[in-house]
Structure formats: C-alpha cells, structure tokens
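[1] structure for this input, please:
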Amino acid sequence: MIYIKKIFPASIAIVTLSLLSCGSSKHGSSKRLPGAFQVSPITIDGYNNDWPSPYPEYDDKAVLGYAVTNDKQNLYITVETGDPATQLKIIKNGLTVWIDKTGNKVEQTAINFPIPDEYKKTKVGEEDRPKGGQWHQGTGGNREDQKRMDLEDRVHRGIDKANEFSLQGFKGCNQQFSLLEKDSCGIVIRMAIDSTNELVWEAVVPLKAFYTKAEMTRADKGKAISVCFETVGSKRPAGEQQGGGSRGGGGGMRPSVGFGMGGGMGMGIGTGGMYRGNHGRGNQGGENNSMMESLYKSTKTWKKFGLAWKD
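    Residues are numbered from 1 along each chain as shown. As a prediction, this is how the structure comes out:
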C-alpha cells in the first residue's frame, strides 16, 4: 500500500484513503458463519481480562493472537503478542486493522494504531534509537543478552509515544486523533502490557460507524465480516545478517494513515517472549532463530468471522 495524502481545512491536516486489497476476492460469501456474541461489554483498556485465555486465533508467522466478538451494537477486536521484536514493530511501525463488512478482503475501512513515527506530528528523537544507531556489541551469549536488553529498552521508551491513531473509510470520522480524544464514530482504542508481558491491543467499533445499520437484528446473524491484522517490518540495518532462511525484511507496501491532532497516554511494558496459552514460543515467527527476525517481517492476517446473535 502507498500512503496517499489529501489536504483538509482547519484542524484536519491530512486524511488518507486506500482502496487496495491485500487479497483477491470478487464475491462475498452467502454462507452463514459462526460468531462469538459478547454478552457483557468489554472494557477497552489494553488488558485482556475480558477475553478468553488463550486467544482463540493465532498466526505463527505474524506471532499474533487475536479475537473478534460482537454484541448488538458493537464489534470488539483484540490482538496480542509476547514477542519483544513484534512488540517493537507494532510500536514503531504501527498496526493496521482492516474491516470489510462484505466478508471479502477489501482494504477500505481501517484503524491505524499506533501511528508510525514518521507520520506523527512529533518526530522520533535520537534517544529512541539504539546507541550509535546499532545494537550494542558483545560476544556469544552476552551479545544476545545485550541485544535483548536493547530491544526491551526500545519498547519501554516507545510506548509513551504510541498515543495517536487514524481512521479511514468509516462514516464521517476519518482523520487522526489522540487516544484521549472522542471521535464522532465512538471508536475507542487502547494498548498496554498485561501481567504475563503480552502486548495487548483492543478496540470497540460501533456498528453504526461502518455497517449497514446501527444495531443488528436476528436477520444479521451469521453474516460475514472480514478483519485483517497488518504489520509493517522495519528496514534491516546494513550489515546485519538474517537469522536463517532467505534474506527478507520490511518495507514494501504500507497501510495509509492520517495526520492531525496529537495527545498522550502512558502504558506499562514487560519483557516477556512467551505467547500466553498453548501456542508455544512467540518470538521467531515459526521460521528463524534470531530474536530480531520478526521485527523485519511485514505480515497480513485475514480472518472471516460471522456476526453473532443472542436473544
């Protein structure tokens, strides 16, 4: 995806729209799909207390667990990862969650949070990068330990700056916001670290913001909703070797974001590298042995869900 900038008056500086697709699908599915009805509203605070443990869906390549539920008025979305490199990738490069109400794979409606540093009003300072622009040097296990410490330190220092999000493709609320602002769509997003050192991303999206109606009825039961979780890999530093397999890396197509007003919210962080539950070690994306490898990988995870109903 390519960032497309559009000028707006007053406080709305830039809003971006993307009509690209990260998967080909010509027709929606008429098949009714099972879903998960949310009996009690979820508190959007960046913690996973309201979600099942472990998360019901997991992508080994992306090193992400995720879940989607709904009640009669809202769609609830969550993502989590215990891999420090993936945590840093999300904090620095952003996470984009696409929502396709037709059950296809159209990239038109999305939440971008956090906003990548280069697209924020406040630019990243040198204090957010490793000393000397590279990882500290060492030998053997000490070097790996130091690399992990540097990685975790960057995650710590980056969280306070993860305070802006943008919306695109929704009904009348497409601009950039701080986390503490209330957008007209009523979308709320938070990110934090839970007690098991998982980075948890949560959002509540009112159906009125993107669906055909503000409140679903029994007739909507099983209708397909597709959600895509997209991460953008960082550029591999010059001279750094890949930890196994063919040489890969970040860059490539990127989700679009908007510019606008800033804000702030602090969040805590831990050091974990184990994915919560029975999904196994969450730090290699299932392919390489380097603790840094997932930082350089761009991933897209599409999943089709059904709207759930409960009388």
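[2] for residue 110, see how far away the closest residue to residue 106 other than its chain neighbours is.
    Distances taken as C-beta to C-beta, 6 or more residues apart in numbering put residue 100 closest to residue 106, at 4.9 Å, once the chain neighbours are dropped. For the C-beta atoms, the positions are set from N, CA and C on the backbone; glycine is no exception. For residue 100, the distance to residue 110 equals 10 Å [C-beta to C-beta, to the nearest Å].
[3] report all helices and strands that the worst-scoring helix or strand of the chain on mean pLDDT contacts.
    Ranked by mean pLDDT, DSSP states H and E, the weakest helix or strand in the chain is helix 140-159, scoring a mean of 75. Applying 3 or more C-beta pairs under 8 Å, 6 or more residues apart in numbering; DSSP states H and E, one finds that helix 140-159 contacts helix 84-93.
[4] wouldn't the residue nearest to residue 106 be in contact with residue 169 here?
    No. With contacts counted by C-beta atoms under 8 Å, residue 100 stays clear of residue 169, the gap being 9.6 Å.
[5] find residues that contact each of those two.
    Common contact partners of residue 100 and residue 169 (C-beta atoms under 8 Å, 6 or more residues apart in numbering): 108-109.
[6] which of the two has more neighbours?
    Counted by other C-beta atoms under 10 Å, residue 100 and residue 169 do not tie: residue 100 has more neighbours, with 25 against 21.
[7] bridging residues for that one?
    Beta bridges link residue 100 to residue 226, judged by DSSP bridges.
[8] show the contacting residues for it.
    For residue 100, the contacting residues are 106, 108-109, 225-228, by C-beta under 8 Å, 6+ apart.
[9] for the residues you listed, which one is nearest residue 63?
    Minimum distance to residue 63 across the contacts of residue 100 is 16.0 Å, recorded for residue 228 (C-beta to C-beta).
[10] helix, strand, or coil at the closest one?
    strand (DSSP: H, G, I helix; E, B strand; the rest coil).
[11] show me what contacts it?
    So residue 228 contacts 22-23, 96-98, 100, 105, 107, 300-303 (C-beta under 8 Å, 6+ apart).
[12] closest to residue 212 among those?
    residue 100 (13.1 Å).
[13] adding distance to residue 311, write the contacts of residue 100 out as JSON lines.
    Formatted as JSON lines, the contacts of residue 100 follow (distance: C-beta to C-beta, whole Å):
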{"residue": "106", "distance to residue 311": "32"}
{"residue": "108", "distance to residue 311": "33"}
{"residue": "109", "distance to residue 311": "29"}
{"residue": "225", "distance to residue 311": "20"}
{"residue": "226", "distance to residue 311": "26"}
{"residue": "227", "distance to residue 311": "25"}
{"residue": "228", "distance to residue 311": "31"}
